[in-house]
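In: Sequence below, structure please.
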Amino acid sequence: MLSLRVVVLALVGATVGCSDPVADEGSPGPHTASLPVCVPDGEEEPPHMDIAGAVYSVPVPAALEPYAAYPIGDVSLCQSGDTIELGYSLPKLLVGKNTRVSFAGTYLAAEGTYELSSEDGTASCEPSDTSWTCFETFTGLEVDLERVADEAAELPAAEAAGRVEVAERFGGDPIGILDFDLP
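Out: Below is the predicted model:
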C-alpha cells in the first residue's frame, strides 16, 4: 500500500511539474510576450502599443462588401497577469459618433482563443504569430443612421448609400470582425 501511494504521489508531482503554461487555463496564453503591461485604473498611462492598420469589417451580402470594411487606427492591446485587454474606437462612418469599446479576458487553451467581454459585448480572438482576428458581438450599441449619412455625405453616391446600408444592418445585428497585426 505504501509503494502505491509513493507511485501516485510521484505521478502527481511529475504532472504538476510538467505543466505547460501556454496550455493552462488562466495563463497569459501564446503570442503575448511582446504586449505591454496594462496600467491600473486611475494611474497615468505611459506610452504604450497602439496598433495602426487594423480593419473592422461587418459581415454583409456580397453586393455590400466593398462598403463593409473600415480602417481602425487606435487599437490598443495589453496584458495584466493572465488578462488581456483590447480597446479601440468604432468608426463614425459605421456608428455615427465617437464610440470607444473595450474588452478583457483570458486565454482558453481548449479553444485556442482569447475570450474577452465587457458591458460592450464579447470578442473571441484568434492569434497567430503576429496577426489577430477577433469575432465580436456588441450589446446595447446605438447606431445613429442620420449621423452616419452625414459622415458619408462627401463620398460618391453609391458608396454613401452602401455605407448607410451597412450601418443599418450593423445596428440591427451588431457583429463584426477586427483584424490587426502586432508591430
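
In: Give me the contacts around the strand ranked longest in the chain.
Out: Counting residues, the longest strand found in the chain (DSSP state E) is strand 99-108. Identification of contacts with strand 99-108 by C-beta atoms under 8 Å, 6 or more residues apart in numbering yields 25-30, 32, 82-90, 113-118, 120-123, 136, 138, 141. Heads up, the C-betas are built off the backbone N, CA and C, glycines and all.

In: hmm, 7 Å instead?
Out: For strand 99-108, contacts defined as C-beta atoms under 7 Å, 6 or more residues apart in numbering pick out 25-29, 82-90, 114-118, 120, 123.

In: Return the list of strands paired to that strand, each annotated with direction.
Out: Strand pairing for strand 99-108, using DSSP bridges, gives strand 83-90 (antiparallel), strand 113-118 (antiparallel).

In: if we can go back for a sec, going through the contacts of strand 99-108, which ones are buried?
Out: If you count burial by 16 or more other C-beta atoms under 10 Å, the buried members of the contacts of strand 99-108 come out as 27-29, 82-88, 90, 114, 116, 118, 120, 123.

In: tell me which of those is nearest to residue 163?
Out: Nearest to residue 163, judged by C-beta to C-beta, of the buried ones among the contacts of strand 99-108 is residue 90 at 13.4 Å.

In: The closest one: what's its closest spatial neighbour, skipping adjacent residues?
Out: residue 99 (4.5 Å; C-beta to C-beta, 6 or more residues apart in numbering).

In: Roughly how far does that neighbour sit from residue 51?
Out: For residue 99, the distance to residue 51 (C-beta to C-beta, to the nearest Å) stands at 18 Å.

In: Also residue 90?
Out: Taken as C-beta to C-beta, the span from residue 90 to residue 51 is 15 Å.

In: Check residue 133 too.
Out: Distance from residue 133 to residue 51, by C-beta to C-beta: 13 Å.

In: Tell me which of these two has more neighbours.
Out: residue 51 (18 against 14; other C-beta atoms under 10 Å).

In: and that one, what is it in contact with?
Out: For residue 51, the contacting residues are 75, 77, 180, 182, 183, by C-beta under 7 Å, 6+ apart.

In: Sort out for me which of the residues you listed are in strands.
Out: Using DSSP E, the subset of those located in strands is 75, 77, 180.
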